[in-house]
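1. What would the 3D arrangement of this be:
(chains A and B)
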Amino acid sequence: DAGVTQSPTHLIKTRGQQVTLRCSPKSGHDTVSWYQQALGQGPQFIFQYYEEEERQRGNFPDRFSGHQFPNYSSELNVNALLLGDSALYLCASSLYRERADTQYFGPGTRLTVL
Amino acid sequence: AQSVTQLDSQVPVFEEAPVELRCNYSSSVSVYLFWYVQYPNQGLQLLLKYLSGSTLVESINGFEAEFNKSQTSFHLRKPSVHISDTAEYFCAVSGFGNEKLTFGTGTRLTIIP
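-> Numbers count the residues shown, from 1 in each chain, chains lettered A, B, ... in the order given. Reported below is the predicted structural model:
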């Protein structure tokens, strides 16, 4: 049973560029949440997708956008990258009807903005 | 809105000694509580969670946490730590019917041989 997978593992971009990160949820899960973890900090909620729609959003600017595909996989897009966007981006999956169920996290994508 | 405070950023402990990692939360609604562990260069793994029922919850690797509603705390304890417990530990909270997790800033547990 494959867990949550994310790609790529590492990414280096320059300021102003755009980036797309990818996530495949754990088998049987239908909900994907994205978190940003800056160095030395706890993860911060970006948004959550279910049924291909954004269901909840944290306090992040519109430069952060996402998408969920019919197979439940998801993408996180960040436009006009800033130095402060450098962080570990974590994807978590869960089952929507089990609202308090465990969120399973992937290994993350380390984004460095130069 | 919820918030989580982890009072200790770093906790050094001798091997086989007991440890307590502190977590306090703030919320205007009822909450679910979680402890996640993050090993170096890895994602987060759920250690244990409190949803309802018994206020004392246990994990399979010897950790336990007790939900204290009056003190709004969910401290994590282990009676005897091992080198393999070296990691970053995050306390998190979510509101009923709201899966968004709000995390604390983490506590780095270092085991001294």
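2. Could you report the pLDDT at A:Glu98?
-> Looking at A:Glu98, its pLDDT stands at 68.
3. go on, B:Thr105?
-> 96.
4. what do you get for the one 5 residues further on?
-> With respect to pLDDT, B:Thr110 has a value of 96.
5. residues from chain A in reach of chain B?
-> A:4, A:31, A:33, A:35, A:40-45, A:48, A:56, A:58, A:90, A:92, A:94, A:99-100, A:102-108 (C-beta under 8 Å from any C-beta of the partner chain). For the C-beta atoms, the positions are set from N, CA and C on the backbone; glycine is no exception.
6. Looking at chain A, which residue is nearest chain B?
-> Using C-beta to the nearest C-beta, the closest approach of chain A to chain B is made by A:Gly42 at 3.4 Å.
7. Tell me how far that residue lies from B:Ile83.
-> Distance, A:Gly42 to B:Ile83, by C-beta to C-beta, to the nearest Å: 24 Å.
8. PyMOL command to pick out the buried ones of the residues of chain A next to chain B?
-> Command for PyMOL, covering only those of those found buried under the criterion 16 or more other C-beta atoms under 10 Å in any protein chain shown:
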select buried, chain A and resi 4+31+33+35+42+43+44+45+48+58+90+92+94+100+102+103+104+105+106+107+108
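9. Pick out the residue closest to the middle of the chain.
-> Since you didn't name a chain, this refers to chain A. Of all residues in chain A, the one closest to the mean position by C-alpha atoms, centre = their mean is A:Trp34, 3.1 Å from it.
10. that's the wrong chain, I meant chain B
-> B:Trp35 (3.5 Å).
11. thinking again about what came up before, for the residue of chain A closest to chain B, which non-adjacent residue is spatially closest?
-> B:Phe103 (3.4 Å; C-beta to C-beta, 6 or more residues apart in numbering or on different chains).
12. residues contacting that neighbour?
-> Contact partners of B:Phe103, counting by C-beta atoms under 8 Å, 6 or more residues apart in numbering or on different chains, are A:Gly42, A:Pro43, A:Gln44, B:Val4, B:Tyr36, B:Phe90, B:Cys91, B:Ala92.
13. at 6 Å what do you get?
-> By C-beta atoms under 6 Å, 6 or more residues apart in numbering or on different chains, B:Phe103 lies in contact with A:Gly42, A:Pro43, B:Phe90, B:Ala92.
14. hey, what's the residue nearest to the centre of chain B bridged with?
-> Beta-bridge pairing for B:Trp35 (DSSP bridges): B:Leu48, B:Cys91.
15. before we move on, back to that, ok, the residue nearest to A:Gly42 to B:Leu33 distance?
-> Applying C-beta to C-beta to B:Phe103 and B:Leu33 gives a distance of 12 Å.
16. cool, B:Thr72 as well?
-> 10 Å.
17. Which one of the two is surrounded by more residues?
-> B:Leu33 (22 against 16; other C-beta atoms under 10 Å in any protein chain shown).
18. Please name every helix or strand in contact with the helix or strand harbouring that one.
-> Using DSSP states H and E, B:Leu33 falls within strand B:31-38. Counting contacts by 3 or more C-beta pairs under 6 Å, 6 or more residues apart in numbering or on different chains; DSSP states H and E, strand B:31-38 packs against strand B:44-50, strand B:87-95.
19. I figured A:Gln6 was touching A:Cys91, is that so?
-> Yes: A:Gln6 lies in contact with A:Cys91 (C-beta atoms under 6 Å); the separation is 5.3 Å.
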